[in-house]
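# Can you look at this prediction? I've put the sequence above it.
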Amino acid sequence: MKYILSIILLIFIQSDWTENIEKSISRINRKGKLENEFEKKDKEGITIFRKYSAGKETKSSVKYKYGKLMDININFYENEELIFAEIISGKDVLIYKKKRLKDEPYAVLIEKITYFKSNKEGIKKTRKIKVFENSNLEKLKKELKEIEFETEKIGEKEYLTLKEKYNGITKIAE
């Protein structure tokens, strides 16, 4: 009985802080004012960086568009203390160590949501679907929405990796 109550309590506590993060994300998306915009083009494609501010919270948005191989959006949400969320969605190229065979996927449609309660505690939710040469992307996008998220708890190591990634991306726009 105690075990069941512990699980129920854990679910309610987790949903409480994740709901607060989702409210913050929604508020930043609605009220954020564009502060900075940067575009980098090369022969392969384009990278677009935008930073929005909503009071003490910010959203940094990066879009990578590289032909049919990559079309992905990464959004970082932060406050004065923490990068509290990263949301990734779109098509990401698969890299093979060997030559890719015709019947192997060339990319994945991915949706990854990472929330951090602190720099030591968070969760990551991921769902993805393989993309093949003759795939109907619109149909796959609908199918992706039907797939359940795989959820895992994450910690300080993942936060430090996220912060490194964020710092690398924001240096592009400086």
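Yep, that arrived.
# what ranges do the strands span in the chain?
Ranges of strands in the chain, per DSSP state E, are 33-41, 46-54, 57-66, 70-78, 83-93, 107-118, 121-131, 150-155.
# Which one of those lies nearest to residue 163?
Closest approach to residue 163 among the strands of the chain (CB to CB): strand 83-93, 6.1 Å. Where you see a C-beta, it was placed from the backbone N, CA and C, and this is true even at glycine.
# where does the protein dip in pLDDT?
1-15, 172-174 (pLDDT under 70).
# Now do the same contact list for residue 85.
Each residue near residue 85 by CB atoms under 8 Å, 6 or more residues apart in numbering is listed here: 21, 24, 25, 75, 76, 77, 113, 114, 115, 116.
# Bridged to it, which residues?
Beta-bridge pairing for residue 85 (DSSP bridges): residue 77, residue 115.
# For residue 67, grab the count of nearby residues.
Applying other CB atoms under 10 Å, we find 9 residues neighbouring residue 67.
# for the one 3 residues further on, same thing?
Residue 70 has 15 neighbours, counted by other CB under 10 Å.
# Any idea how many residues pack against the nearest residue to it once chain neighbours are set aside?
Spatially, and ignoring its direct neighbours in sequence, residue 70 is nearest to residue 93 (5.0 Å; CB to CB, 6 or more residues apart in numbering). Neighbourhood size, residue 93 [other CB under 10 Å]: 18.
# Pretty sure residue 93 sits against residue 69.
Yes. Assessed by CB atoms under 8 Å, residue 93 is found in contact with residue 69 at 4.2 Å.
# what sits in contact with each of the two?
Residues touching both residue 93 and residue 69 (CB under 8 Å, 6+ apart): 106, 107.
# For the residue nearest to residue 70, which residues are in contact?
Residue 93 sits next to 66, 69, 70, 106, 107 when contact means CB under 8 Å, 6+ apart.
# And the second one, its phi and psi?
Dihedral angles phi and psi of residue 69 (degrees, to the nearest 10) take the values phi -80, psi -40.
# okay but it is in contact with residue 106, surely?
Yes. Using CB under 8 Å, residue 69 is in contact with residue 106, at 7.1 Å.
# follow-up on the earlier one: list just the nearest of the contacts of residue 85 to residue 154.
Of all those, residue 114 has the smallest distance to residue 154: 7.2 Å, by CB to CB.
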